[in-house]
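Undergrad: What shape does this take:
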Amino acid sequence: MKRYQNLILLTLVVILIATPLWMVKRPAPGPDGKEVEIFAGADDKAKDTIAAIAPQYKPWFKPFMEPPSNEIGSLLFALQAALGAGFIGYWLGSSVTRAKINRQKSEA
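TA: Numbering: from 1, shown residues only. Here you go, the predicted structure:
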């Protein structure tokens, strides 16, 4: 149990952060009838460019889950990046420390 304690706690924190964000309703459309976009990312720009170049294009599939707003999508992307960076940093630190300990053992 002690070995997986940090992983379990980290998973619970991610669930506690993500669950309320998925429950938020989409903001009401603006006065012109369009959906309000506060943080429009590169995906939206690519979608608009494809629609301008080839209006008959149909997407191959729909997203598994679409966040209620672009802000939440940005938050989830940042969370994913932070977890990835944390994992890589932990792995790199562990590898360097392990190599250092092995070198000290071989010298002794």
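
Undergrad: What is the neighbour count of Ser69?
TA: 19 (other C-beta atoms under 10 Å). Placement of C-beta: from N, CA and C, glycine included.

Undergrad: Does Ile72 touch Leu21 like I think?
TA: Yes: counting by C-beta atoms under 8 Å, Ile72 touches Leu21, with 4.5 Å between them.

Undergrad: where are the low-confidence patches of this protein?
TA: 1, 36-41 (pLDDT under 70).

Undergrad: remind me, longest helix of it?
TA: Determined from DSSP state H, the single longest helix within the chain is helix 70-107.

Undergrad: Now do the buried residues in that one.
TA: 70, 72-73, 75-76 (16 or more other C-beta atoms under 10 Å).

Undergrad: Check which helices and strands that helix sits against.
TA: Here helix 70-107 is seen to pack against helix 5-23 when contacts are counted using 3 or more C-beta pairs under 8 Å, 6 or more residues apart in numbering; DSSP states H and E.

Undergrad: what's the next secondary structure element after the helix it packs on?
TA: Toward the C-terminus, helix 5-23 is succeeded by helix 42-53 as the next helix or strand (DSSP states H and E).

Undergrad: Off-centre distance for that next one?
TA: Distance of helix 42-53 from its chain centroid, counting by C-alpha atoms, centre = their mean, to the nearest Å, is 21 Å.

Undergrad: which secondary structure elements does that helix contact?
TA: Against helix 42-53 (3+ C-beta pairs under 8 Å, 6+ apart) you get no helix or strand.

Undergrad: relative to helix 70-107, how tilted is that helix?
TA: On the basis of axes from the mean of the first three to the mean of the last three C-alpha atoms, to 10 degrees, helix 42-53 is oriented at 130 degrees to helix 70-107.

Undergrad: In helix 42-53, which residues are buried?
TA: Under 16+ other C-beta under 10 Å, helix 42-53 has no buried positions.
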